[in-house]
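[1] Compute the structure for the input listed below.
(one chain, ligands or ions: 1)
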Amino acid sequence: AKLSQEKSHWHFISKQLAFARFSSFVVPIRTLILTMANTVAGGLHKVQEVIKSAAGEDKKVADLLRDTADVHKKTKFTTDYGAPVAETDHWLKPVSDKSSGPSLLEDQIAREKIHRFDHERIPERVVHARGTGAFGTFTLKEAIPELSHAGVLNDTTRRTPVFVRFSTVQGSRGSADTVRDVRGFAVKFYTDEGNWDIVGNNIPVFFIQDAIKFPDFVHAVKPEPHNEVPQGQTAHNNFWDFVFLHPEATHMFMWAMSDRAIPRSFRMMQGFGVNTFSLINKEGKRHFVKFHWIPHLGVHSLVWDEALKVAGQDPDFHRKDLMEAIDNKAYPKWDFAIQVIPEERQHDFDFDPLDATKVWPEELVPLRVIGELELNRNIDEFFPQTEQVAFCTSHIVPGIDFSDDPLLQGRNFSYFDTQISRLGINWEELPINRPVCPVMNHNRDGAMRHKITKGTVNYWPNRFDAIPPTKPEEGGFVSFQEKILGIKKRSQGPKFREYHNQAQLFYNSLSEYEKFHVAKAFSFELDHCDDPVVYQRMALRIAEIDLELARKVAVMVGAPTPETAGRQNHGKKSRGLSQLDFKPRIPTIASRRIAIIIGDGFDSVAFNGVYTAVKAAGAIPLVIGTKRQPVFADGVDPQTGKGVTPDHQYDGMRSTMVDATFIPGGSHIKALAKNGQIRYWIAESFGHLKALGATGEAVDLVKKVLTDIDALKFASQGSTAVSESYGVVTAAGPQKPESFKEGWEMVKGAKDFLGKF
Ligand code: HDE
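    Now for the predicted structure:
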């Protein structure tokens, strides 16, 4: 019953994923070979590129090599002060024939080891503590001299090195990846004119408008003070209490309750600078700007049931996904786009463009794609790179400037400040943070200073004219000259006081399936609040967005069902808010994980065909077997023949860890059919709307399981037809070459069907 209740969300997900996940399951041999050849050639090309850049084309690679050692190179073991060490396993102590005496304090080697260990931890980030990073390249596709004179936005021949850190917000460093939360999307560009950081999120708006509210907000969202519960969740009284008391949070919490907050992968989410910045051109003219990252893979999410399970089954799911994709050379890419408002049009909208709780609807301010980001290199060591990387919204380069967005103004203070307590005042000298261009000024000293500056003066002006400020005509940064008028007071602009229009705009723009998920998300979250004041008031707040939604949620969470809308829904929609607006650039299964389930007696023709096809398409086949020792195909003698060693056995893997599952036919089906874990795997995959493929005897097994859960009516009818949308592809015939052809027809069918969406 539950499964059929949820069928609408299966439908939604299948539209997005079924083809991408499944299209290469059954490929004719010729196509297969061609695809393999292309993939291999593409792969080699990329490898050569990376090696070339490691050799010096990528300035950050070259820079980091200065501080990189290799534990696998045969070098001498030494103390930190360089003295060679002969023994590291025993503390120095008096030892007799019979026993050993006390450990001696004089052992400088043991003491050094323990001292270093005692101080290994640094404070975790106060927010965004859990994260992972990777290196990449930013390429400008279209210069924008009319808007900005920044080198990085004008020179299309440059390859600007970048470091990107993705994160969750609420949980601590060891929390799970797939929790419902906003994701950080912080990009550090190592430009020739200094570092430029876009410290963004995967949601384009924020909960609050003024930075002074940030400590209250973070206290409310983080684990509660009396018991430090919950971890990695917004599902608690204090969070919902706070957002009710701050109507400005209304727009953002709608996003946070949508599928955007449970991404399938960091590689499949958008990024937004959120705050409004300025672009300054050569003539000194200013345009307000918002920055966007649009993933080539499209925007995809988990379903909540998957997210919950994966949080326990593999808390590092997103971290590993990113690393795995880069290792497999399926480099994630994003378009870099800008939205621009000329300064003189600042007041032409019914929202304030400097209010970070508002988007600039695309219909009013179109997106312009001007560049591309590719992540193509994993980190070498987590702590010195991902943990020590330090982003600052205040890191801008000439040609870019701030705006009076009051959230940004506070952020510009906060990030630098927090790095001082996390890393110390000389944090900008750390290898991951230092720029690739020369750094020179009269800032000096402080704990852990690395740089040595020769000369007798450390101030300006000085009698030698040593290191004067860089002149504007030589590229020196000049702040935008802005005329300010107003009464100094603790307040905000009038348009900041409108909180509901865009919350409705967002909700109205979602597909039915996404709306269904929002209702479920509220129901989960408010169900976890045990203070009636909290969930009752929230039901009323939701009624100010959409009455129908509020009524659904109220029933589920035990609040009185609202009778009237707190405010009429204006019914308007906008593009780019539903994630259905972001399809994969090219439908691909590259980097997707495909499980192939086998036991002794599997059909080797079907197995080999699908395994090779999946690999050739750049996807990751994971063979799941009864055990991790060799498993034998039908007709292969276990004594003399060659078996397949599975990557995992049933206990070590779950359907939630993969994007699709294929089960070849063969006599192994008799045993599989009796195995509860396998039957559950099939049912769960179907429930999460993942593509399921089966051939030969496996078709009956899949059908039986789907019949048992009363789901067959949604699945493939017959052996050659692809199901309308439910991603179940079966070929019942014997696995001779003809049936590959048959399979190919099915794949084409799926393509035609999915092409409509
Ligand atoms: Fe942050 N935020 N933030 N934030 N934020 C931090 O800086 C802060 C805000 C974001 O991967 C901290 O280095 C204030 C919006 C990301 O290292 C801290 C305000 C957005 C990251 C801080 C905001 C963000 C942080 C903690 C309200 C989206 C992780 C550690 C005015 C545009 C960066 C650190 C990384 C981290 C302050 C609001 C994104 C304390 C005061 C809006 C992605 O400085």
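
[2] Quick check: the gap between the residue positioned nearest the centre of the chain and the ligand.
    In the chain, the centroid-proximal residue (C-alpha atoms, centre = their mean) is F266; its distance is 2.0 Å. Here the distance between F266 and the ligand works out to 12 Å (C-beta to the nearest ligand atom, to the nearest Å). (Glycine included, C-beta is placed from N, CA and C.)

[3] So F163 versus N412, what's the distance?
    20 Å (C-beta to C-beta, to the nearest Å).

[4] So if I had to pick from the two, which one is more boxed in?
    F163 (26 against 18; other C-beta atoms under 10 Å).

[5] Make sure the more buried one is indeed in a strand.
    Yes. With DSSP: H, G, I helix; E, B strand; the rest coil as the criterion, F163 is part of a strand.

[6] ok, for it, nearest residue in space, not its chain neighbours?
    If the residues on either side of it in the chain are set aside, F163 comes closest to K188, at 4.7 Å by C-beta to C-beta, 6 or more residues apart in numbering.

[7] Doesn't the one you found belong to a strand?
    Yes. With three-state DSSP as the criterion, K188 is located in a strand.

[8] dump the residue contacts of the residue nearest to the centre of the chain.
    132, 166, 183, 185, 318, 321-322, 332 (C-beta atoms under 8 Å, 6 or more residues apart in numbering).

[9] if you set the cut-off to 7 Å instead, what comes out?
    Contact partners of F266, counting by C-beta atoms under 7 Å, 6 or more residues apart in numbering, are 166, 183, 318, 322.

[10] Please list which of the residues you listed also come close to the ligand.
    Subset of the contacts of F266 in contact with the ligand: empty, counting by C-beta under 6 Å from any ligand atom.

[11] Adding distance to V289, secondary structure and neighbour count, write these out as TSV.
    Converted to TSV, these look like this (distance: C-beta to C-beta, whole Å; DSSP: H, G, I helix; E, B strand; the rest coil; neighbours: other C-beta atoms under 10 Å):
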residue	distance to V289	secondary structure	neighbour count
F166	23	strand	27
R183	22	strand	24
H318	29	helix	27
L322	28	helix	23
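
[12] would CSV of those with distance to Y513 be doable?
    Written out in CSV, the entries for those read as follows (distance: C-beta to C-beta, whole Å):
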residue, distance to Y513
F166, 25
R183, 21
H318, 23
L322, 26
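
[13] So the residue nearest to the centre of the chain versus R411, what's the distance?
    Relative to R411, F266 is positioned 22 Å away (C-beta to C-beta).

[14] Surely A186 touches V389?
    No. Counting by C-beta atoms under 7 Å, A186 stays clear of V389, with 8.1 Å between them.

[15] ok, which pair from the contacts of F266 is furthest apart?
    Largest separation among those by C-beta to C-beta: R183 and L322, giving 11.7 Å.

[16] which residue of this protein sits farthest from its center?
    Centroid-distance maximum for the chain: D97 at 59.5 Å, with C-alpha atoms, centre = their mean.

[17] residues in contact with that residue?
    Residues touching D97, when contacts are defined by C-beta under 7 Å, 6+ apart, are absent altogether.

[18] Would you double-check that it falls in a helix?
    No. Assessed with three-state DSSP, D97 is coil; it does not lie in a helix.

[19] how about the helices of the stretch 301-450 of the chain, start to end?
    For the stretch 301-450 of the chain, the helices defined by DSSP state H, counting those that start in this stretch occupy 304-313, 317-327, 382, 406-423.
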